[in-house]
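J.: Fold the following, please.
(one chain, ligands or ions: 1)
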Amino acid sequence: MKCRHCYNSLENVFLDLGFAPPSNAYLTRNKLNTPELYFPLKLLVFDKCWLVQTEDYAKADELFSSDYAYFSSISQSWLKHAKTYFEMVQKRFSLNKESYVIEVASNDGYLLKNFVAENIPCLGIEPTASTAAAAEDLGIPVIREFFGVELAKGLVEEGKQADLIIGNNVYAHVPDINDFTSGLKAALKPEGVITLEFPHLMRLIESVQFDTVYHEHFSYLSLTTVNSIFSSVGLRIWDVEELNTHGGSLRVYGCHDDSERITSKNVNQILEQELEYGLLDNTVYQEFQLRAERVKNSLVNFLIEQKISGKSVAAYGAAAKGNTILNFAGIKPDLLPYVCDSAPSKQSKYMPGSHIPILSPDVLKARKPEYILILPWNIADEVVEQYSYAREWGAQFVIAVPELRII
Ligand SMILES: [Zn+2]
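T.: Purely as a prediction, here's the structure:
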């Protein structure tokens with residue numbers, strides 16, 4: 001297999017999680033007796049450009065055949081994040097009625113609705129029909145396609161170049177990252193700005209966040225790598241911020257390489273940090289598998305100990321992260337009998353691979369588990385607060401990543 005950025009042969013394995021079904025392929029009861037599709041879940045890294053990427057496998061398109069769609073507006077904290085971002089860019093780039101804003105992967109309009117409210121012309125690009133329809137209901141124009149050079153050129157022909165192009169949590173999900181980045185360049189006005197948010201590979205490695213790995217997530221990115229992808233198409237990163245979303249993300253600011261914008265010292269600072277951490281050296285990548293296995297083994301050990309001593313454990317949060325760790329660890333309903341989730345769309349379904357049933361959080365009060373394992377550790381504080389009544393019967397909250405801990 002060749003690197004998706006520099007096309008050199010990939011030989012170094014960063015992480016091998018075995019085989020797993022797509023993380024969003026939740027099962028209905030009548031599907032439990034039919035075979036599931038498993039795909040290899042393996043990450044490779046090239047030791048020059050340092051792009052960490054999923055291994056190619058056959059039938060990748062079947063991954064996206066699932067009718068499950070994630071609606072961004074479900075998460076209150078994400079809506080708040082979007083609003084804060086809007087206020088910041090409106091001010092920083094003096095956006096007004098004359099401006100033009102494009103968001104790639106605009107989902108259900110969770111972000112662009114802020115621009116519409118202030119009469120700033122905008123366009124969403126979103127291939128998922130159900131979320132695109134929700135955005136259109138909010139008055140946001142949407143093109144229902146995947147973004148790349150071809151689409152960008154079409155926009156330019158229609159005179160639709162942007163002052164601001166936004167990509168929140170889409171960059172890591174793009175199979176052809178070079179084509180996507182060239183598209184950004186093509187659709188950008190001469191002094192326009194691109195902002196992209198993506199999980200920071202350095203935080204993933206530091207906090208052993210191997211459970212953020214899943215098939216639909218093609219690339220795991222450092223600033224070093226994104227910098228080189230941007231340069232290769234004639235774009236320049238002129239500023240960068242660290243965010244605490246998704247276990248630690250970066251927000252990069254891009255412009256044309258001949259733009260008048262001055263490059264902030266933040267860019268060099270984070271590039272230096274990555275160098276010091278060892279992101280430009282194979283050792284850090286080679287050690288990761290063993291660190292992930294240690295976390296997995298501690299969780300399995302914990303569940304077996306509770307089983308032997310007759311204590312009950314429930315899980316909370318039927319998120320993609322949960323599926324990755326449960327399938328890697330081979331955990332089934334004998335060790336973890338149910339997962340609670342507040343999303344009605346998931347309730348009464350089963351986790352892919354592990355077949356653990358997903359129930360409403362109401363069952364916690366009836367079953368009074370002794371431990372509640374929070375699978376999406378990134379929202380652990382919210383979960384503990386929301387279900388603090390479980391402490392009344394002596395329940396303890398547990399997270400497994402970066403190490404097994406009672407919180
Ligand atoms: Zn490469």
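J.: from here on, contacts and neighbour counts on C-alpha atoms
T.: Noted.
J.: mean confidence score for stretch 268-283?
T.: For stretch 268-283, mean pLDDT is 97.
J.: So for it, what gets flagged as buried?
T.: For stretch 268-283, a neighbour-count test (16 or more other Cα atoms under 10 Å) marks Asn268, Ile270, Leu271, Glu274, Leu279, Leu280, Asn282 as buried.
J.: now stretch 5-22
T.: In terms of neighbour count (16+ other Cα under 10 Å), stretch 5-22 has its buried residues at His5, Cys6, Leu10, Val13, Phe14, Leu15, Asp16, Leu17, Phe19, Ala20, Pro21, Pro22.
J.: Could you verify that Met202 is part of a helix?
T.: Yes: under DSSP: H, G, I helix; E, B strand; the rest coil, Met202 sits within a helix.
J.: Let me see the contact set for the residue most central in space within the chain.
T.: Central residue check for the chain by Cα atoms, centre = their mean: the C-alpha nearest the mean position is that of Asn169, 5.8 Å away. Neighbour list for Asn169: Leu196, Glu197, Phe198, Pro199 [criterion: Cα atoms under 8 Å, 6 or more residues apart in numbering].
J.: hmm, back to that, can you add distance to Ala315, secondary structure and pLDDT and give the buried residues of stretch 5-22 back as a markdown table?
T.: Below are these laid out as a markdown table (distance: Cα to Cα, whole Å; DSSP: H, G, I helix; E, B strand; the rest coil; pLDDT from 0 to 100):
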| residue | distance to Ala315 | secondary structure | pLDDT |
| --- | --- | --- | --- |
| His5 | 38 | coil | 96 |
| Cys6 | 41 | coil | 95 |
| Leu10 | 37 | coil | 92 |
| Val13 | 31 | strand | 95 |
| Phe14 | 28 | strand | 97 |
| Leu15 | 25 | strand | 98 |
| Asp16 | 24 | strand | 97 |
| Leu17 | 21 | strand | 97 |
| Phe19 | 22 | strand | 94 |
| Ala20 | 19 | strand | 93 |
| Pro21 | 20 | coil | 91 |
| Pro22 | 20 | coil | 88 |
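J.: where along the stretch 301-407 of the chain do the strands fall?
T.: Along the stretch 301-407 of the chain, counting by DSSP state E, counting those that start in this stretch, strands occupy 313-316, 339-340, 358-359, 371-374, 396-399, 405-406.
J.: for the ones you listed, which one sits closest to the ion?
T.: Proximity to the ion, assessed across the strands of the stretch 301-407 of the chain by Cα to the ion, is greatest for strand 396-399 (34.4 Å).
J.: Make TSV from the strands of the stretch 301-407 of the chain and add distance to the ion and mean neighbour count to it.
T.: Listed next are those as TSV, based on distance: least, Cα to the ion, whole Å; neighbours: other Cα atoms under 10 Å:
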stretch	distance to the ion	mean neighbour count
strand 313-316	38	24
strand 339-340	39	24
strand 358-359	40	24
strand 371-374	36	24
strand 396-399	34	21
strand 405-406	37	12
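J.: Please convert those strands to CSV, extending it with mean pLDDT.
T.: Putting the strands of the stretch 301-407 of the chain into CSV (pLDDT from 0 to 100) gives the following:
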stretch, mean pLDDT
strand 313-316, 98
strand 339-340, 98
strand 358-359, 98
strand 371-374, 98
strand 396-399, 98
strand 405-406, 96
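J.: So Asn354 versus the ion, what's the distance?
T.: One correction, residue 354 is Ser, not Asn. To the ion, Ser354 is 34 Å away according to Cα to the ion, to the nearest Å.
J.: So for that residue, what's the nearest residue that isn't a sequence neighbour?
T.: What sits nearest to Ser354 in space, not counting adjacent residues and going by Cα to Cα, 6 or more residues apart in numbering, is Lys332, at 5.1 Å.
J.: Among the buried residues of stretch 268-283, which one sits closest to the ion?
T.: Scanning the buried residues of stretch 268-283 for proximity to the ion, where the rule is Cα to the ion, the winner is Leu280, at 12.6 Å.
J.: can you tell me the helix or strand for that closest one?
T.: For Leu280, there is no host helix or strand (DSSP states H and E).
J.: Surely it touches Phe46?
T.: No: contact criterion Cα atoms under 8 Å: Leu280 and Phe46 do not qualify, at 10.4 Å.
J.: Torsion angles phi and psi at Lys296?
T.: Dihedral angles of Lys296 (phi, psi; degrees, to the nearest 10) stand at phi -60, psi -50.
J.: Okay, it and Phe328: tell me how far apart.
T.: Noted for Lys296: a distance of 8 Å to Phe328, by Cα to Cα, to the nearest Å.
J.: Run through the chain and note the low-pLDDT ranges.
T.: 58-69 (pLDDT under 70).
J.: Could you take the strands of the stretch 301-407 of the chain and lay them out as JSON lines, with extra columns for distance to Leu112?
T.: Shown next, in JSON lines, are the strands of the stretch 301-407 of the chain (distance: least, Cα to Cα, whole Å):
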{"stretch": "strand 313-316", "distance to Leu112": "31"}
{"stretch": "strand 339-340", "distance to Leu112": "31"}
{"stretch": "strand 358-359", "distance to Leu112": "32"}
{"stretch": "strand 371-374", "distance to Leu112": "31"}
{"stretch": "strand 396-399", "distance to Leu112": "34"}
{"stretch": "strand 405-406", "distance to Leu112": "39"}
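J.: where's the residue nearest to the centre of the chain relative to the ion, distance?
T.: Counting by Cα to the ion, the separation of Asn169 from the ion is 21 Å.
J.: What are the neighbouring residues in contact with His173?
T.: By Cα under 8 Å, 6+ apart, the contact set of His173 is Glu216, His217, Phe218, Ser219.
J.: Skip the chain neighbours and tell me the closest residue to it.
T.: Excluding its sequence neighbours, the residue lying closest to His173 (Cα to Cα, 6+ apart) is His217, at 4.6 Å.
J.: now the end-to-end length of stretch 113-122.
T.: End-to-end distance for stretch 113-122: 9 Å, by Cα to Cα.
J.: Where do the helices of this protein begin and end?
T.: 76-92, 112-117, 129-137, 149-157, 177-186, 201-206, 223-232, 265-277, 282-286, 288-308, 320-329, 363-367, 380-386 (DSSP state H).
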